[in-house]
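Asker: Next one to model:
(chains A and B)
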Amino acid sequence: MPKNNRHLTVFWTILAVTFLCLIINLPPQLNIFGRTLYRPDFSMSLGSFKFKPNLDLRYGLDLAGGASLIYDIDTTKVKKEDLPDALESLKINIERRVNLFGVSESSVKLSNQAGNNRLIVELPGITNINEAIDLIGKTAQLSFMGMIDIPPEATATATLKDVLKDTGLNGSHLIKASPQPNPNTGVIEVSLEFNPEGTKIFEKATTDFLNKRLAIILDDEIITAPNVSVVIPDGKAVINGSFDIKSAKALSAQLNAGALPLPIKLIQQSQVAATLGQDSIDKGIKAGLIGLAMVTLFMIGNYGFLGLIANFSLVIYGLITLTLYRLIPVTLTFPGIVGFILSVGMAVDSNILIFERMKEEIRAGKSWNNAMELGFGRAWNSIKDANTCTIITGLILFNPFNWTFLNSSGMVRGFAVTLLLGIVLSIFTGVYVTRNLLRILARKNNI
Amino acid sequence: MNFMKFRPLFLIISVSLLFASVFSIIKWGFQWSVDFSGGSSWQISLPSKPDTNEIKKIFSDEKINLESISNNQEKYSLKFENISSDQKNKIDQSLKKLDQNFVDLQFETLGPVLGKELLKKTVYAIILSALSLLLFIGTRFKDLSFGASAVLAMFHDAIILVGSFSILGHFFGAEVDALFVTAILTTLSASVHDTVVTFDRIRELRRNTYQLDWVQLANQAISEVIVRSINNSMTIIFMLFSLVVLGGASTRWFATALLIGVICGTYSSTAVAIPLMLLSKKKK
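Answerer: Reported below is the predicted structural model:
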């Protein structure tokens, strides 16, 4: 029969997808009977399109261990139209400081929570949170001061402060400093770029101190004091001295680090040791497996053969979910794992609804095959409505549009994302997969 | 089976649960975690298991107000006011002197601003969920009283969950934290999930049997779906129960909250939502 052929195709497709998901979820290396098997590499390229998936599960800070810092950004001193630029340059600056720390996969994010601008820094693997706070919070003060000629008779008593006159130009005016070779001579220089306000001050300073020295001071220390040879009106300057690539880079980094365009204040810090995270993962897996075992036994005990098929769907559900976690990728946090475990419980719900419905239809005198098709058809309404309600709540928790009046913290989101994914997938496996498995397997096994 | 004859009993159970919840919330309040109250929360491991008084002394020497300290074997959890990184360094050193195998497991500091924000956002999330569900169910069943009773049953569950955390907090130190917010919202959706399945059956029966007596319709619908309702809750309860017993300490209370929520949700769809819906039908 053509209809049965179609059912067979679907059946084999389901098995093929399951097998593929199973392979993706295997560890990269597997030792069986003294032989080492390698997980195939799924990289492929199609013309210019390269597909090279990273199949590792990503763990959040609470599981992998590390530090997270939240800063409040003081935006009161910046004009509204300059704010987006200032925030972006703040982010870049902090990123640079974080990179100095040498942490892989660190992240710096800006967030706007109910009108308050925040900066969220995540440092996986950092165990000494204070070191990180010191490095990020360090407000190196960059300033530009002109050197005044002092009368010879005062030379003996003059201190550094007496010979310096503040030009009003400081780190907040610097957009960036970068090392670059002079286009004519090839000598390495450090180029400076100022924002519009800084450009004006800089022009005035270079006029005032023409043919004098302009000192660049970072944290009360004169880094360099180049001679001003021309008036510079375009806000671009170069410091030339005897730099090599290394010292030019170091100076640029120092200058950039000093230029925080907006003041920040630490309002939250948290730190998790990696051992604690591993402990949570182990316990979560153990709890999940035992819970799963109870659910499968319960299903077989209650529904017999049907329950067994539902358990197969549940395994397929688990494999597809884990595969999606790897491919999307979903960063797993502990609440996320709880969401996953909870969704396993919910995944069997569709099947219970359907099986109870089938029992009713059989009691009403329908043949097994008819009862099955009717059960699936009639239960679908309830499944659809009930799960829509859960999806609505899940979406409000996930807050996909980043509405500022709703929560957007990582914990709540981590839970919402696994719950949402779980509901959608469980409808697919609970209804579509179970139905097709039953169509094929029950035909041979006409109970 | 005539479930609706138990309506007075349901009323007594629900009212006493609600009363106990409100009583506890007013009388004992909550154990707020640092997520809400602001302050520092610190988990450390001291394998030599020193007496908590020795740790208290370290804090009082630094003139830091230690709000609470508790330990389970070598794991200590402490709560105190916000401290500077200098103070934290000093405490680290003193603890290292006390026990050289001291390990800093988890450290969290929050300003009180974030907590207030979180609380506000939770209330908004609940209102938004309630309104969306009211609208969705109201339209799906073309009857606003279905939506309203489902949402009221949902609030019934939420109040009992919040109340039981006030009680658990008073007697066992369960804390209300950011995750608890998630638990409340999940409870809301689980509660509605169950109610909708029963409503759905009432709608179907009404269409197919031309039965007009709402009480009889409700009884028949409940008899037909209650096995499914209990079986389904059982599977979720299995998963959550194993999390409560075997999961890490950090999410034990979270799983407990979900467990209370699921049990409540199963009860309320039969015992609260349906009777409330019938109430509106009687008046017509």
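
Asker: Where does the prediction get shaky in the stretch 201-350 of chain A?
Answerer: Within the stretch 201-350 of chain A, the ranges that satisfy pLDDT under 70 run A:218-221, A:223, A:241-242, A:246, A:250-251, A:253-254, A:256-261, A:274-276.

Asker: Flag every residue of the stretch 201-350 of chain A that's near chain B.
Answerer: Contacts of the stretch 201-350 of chain A with chain B, taken as CB under 8 Å from any CB of the partner chain, map to A:267-273, A:275-276, A:279-280, A:283-284, A:286-288, A:290-292, A:294-295, A:298-299, A:302, A:334-335, A:338, A:341-342, A:344-346, A:348-349. For every residue, glycine as well, the C-beta is placed using N, CA and C.

Asker: repeat that with 7 Å
Answerer: A:267-273, A:276, A:279-280, A:283-284, A:286-287, A:290-291, A:294-295, A:298, A:302, A:334-335, A:338, A:341-342, A:344-346, A:348-349 (CB under 7 Å from any CB of the partner chain).

Asker: Got a quick ChimeraX command for the buried subset of those?
Answerer: To isolate the buried ones among those in ChimeraX, judged by 16 or more other CB atoms under 10 Å in any protein chain shown, type:
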select /A:267,268,269,270,271,272,273,276,279,280,283,284,287,290,291,294,295,298,302,334,335,338,341,342,344,345,346,348,349
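
Asker: Domain-wise, how is the chain divided?
Answerer: Picking chain A for this. Taking automatic domain parsing as the domain assignment, the ranges for chain A are A:66-139+A:264-270, A:161-245, A:273-444.

Asker: You answered for a different chain; I wanted chain B.
Answerer: Annotated domains of chain B cover B:3-34+B:113-283, B:39-110 [automatic domain parsing].

Asker: which secondary structure elements does the helix or strand encompassing A:Asp85 contact?
Answerer: In the assignment (DSSP states H and E), A:Asp85 maps to helix A:83-100. Contact here means 3 or more CB pairs under 7 Å, 6 or more residues apart in numbering or on different chains; DSSP states H and E; on that basis helix A:83-100 packs against strand A:107-113, strand A:116-124, helix A:129-137, helix A:245-258.

Asker: Dump the ones you listed to TSV, plus mean neighbour count.
Answerer: Formatted as TSV, these follow (neighbours: other CB atoms under 10 Å in any protein chain shown):
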stretch	mean neighbour count
strand A:107-113	16
strand A:116-124	20
helix A:129-137	18
helix A:245-258	18
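
Asker: where along the stretch 51-200 of chain B do the strands fall?
Answerer: B:66-72, B:75-80, B:103-110, B:175-176 (DSSP state E, counting those that start in this stretch).

Asker: Tell me where chain A has helices.
Answerer: Ranges of helices within chain A are A:2-24, A:61-64, A:83-100, A:129-137, A:160-163, A:196-208, A:245-258, A:274-303, A:305-327, A:334-363, A:368-398, A:410-427, A:434-444, based on DSSP state H.

Asker: do you know how far the nearest residue to B:Gln31 once chain neighbours are set aside is from A:Asn182?
Answerer: The spatially closest residue to B:Gln31, leaving aside those adjacent along the chain, is B:Gly169, at 3.8 Å (CB to CB, 6 or more residues apart in numbering or on different chains). Distance, B:Gly169 to A:Asn182, using CB to CB, to the nearest Å: 68 Å.

Asker: So which of these two has more stuff around it?
Answerer: Between B:Gly169 and A:Asn182, counting by other CB atoms under 10 Å in any protein chain shown, B:Gly169 is the more crowded of the two (19 against 12).

Asker: I figured the more buried one hits B:Phe30, correct?
Answerer: Yes. The criterion here is CB atoms under 7 Å, and B:Gly169 meets it with B:Phe30 at 5.4 Å.

Asker: which residues do those two both contact?
Answerer: The contact sets of B:Gly169 and B:Phe30 overlap at B:Val176 (CB atoms under 7 Å, 6 or more residues apart in numbering or on different chains).

Asker: what sits against the closest residue to A:Asn370 other than its chain neighbours?
Answerer: Leaving out its chain neighbours, the residue that sits closest to A:Asn370 by CB to CB, 6+ apart is A:Glu361, at 7.1 Å. Contacts for A:Glu361 (CB under 7 Å, 6+ apart) come out as A:Ala371, A:Leu374, A:Gly375.

Asker: which of the residues you listed has the most neighbours?
Answerer: Highest neighbour count within the contacts of A:Glu361, by other CB under 10 Å: A:Gly375, with 24 neighbours.

Asker: Can you give me every residue that contacts the closest residue to that one other than its chain neighbours?
Answerer: Spatial nearest neighbour of A:Gly375, excluding adjacent residues (CB to CB, 6+ apart): A:Met358 at 3.5 Å. Residues in contact with A:Met358 (CB under 7 Å, 6+ apart) are A:Ala371, A:Met372, A:Gly375.

Asker: repeat that for 8 Å
Answerer: A:Leu306, A:Ala371, A:Met372, A:Leu374, A:Gly375 (CB atoms under 8 Å, 6 or more residues apart in numbering or on different chains).

Asker: Tell me the one of these nearest B:Ile263?
Answerer: B:Ile263 has its nearest neighbour among the contacts of A:Met358 in A:Leu306, at 26.0 Å by CB to CB.

Asker: near chain A, which residues of the stretch 1-150 of chain B show up?
Answerer: Checking the stretch 1-150 of chain B against chain A by CB under 8 Å from any CB, the hits are B:43, B:85, B:88-89, B:103-111, B:113-114, B:117-118, B:120-122, B:124-125, B:128-129, B:132-133, B:136-137, B:140.
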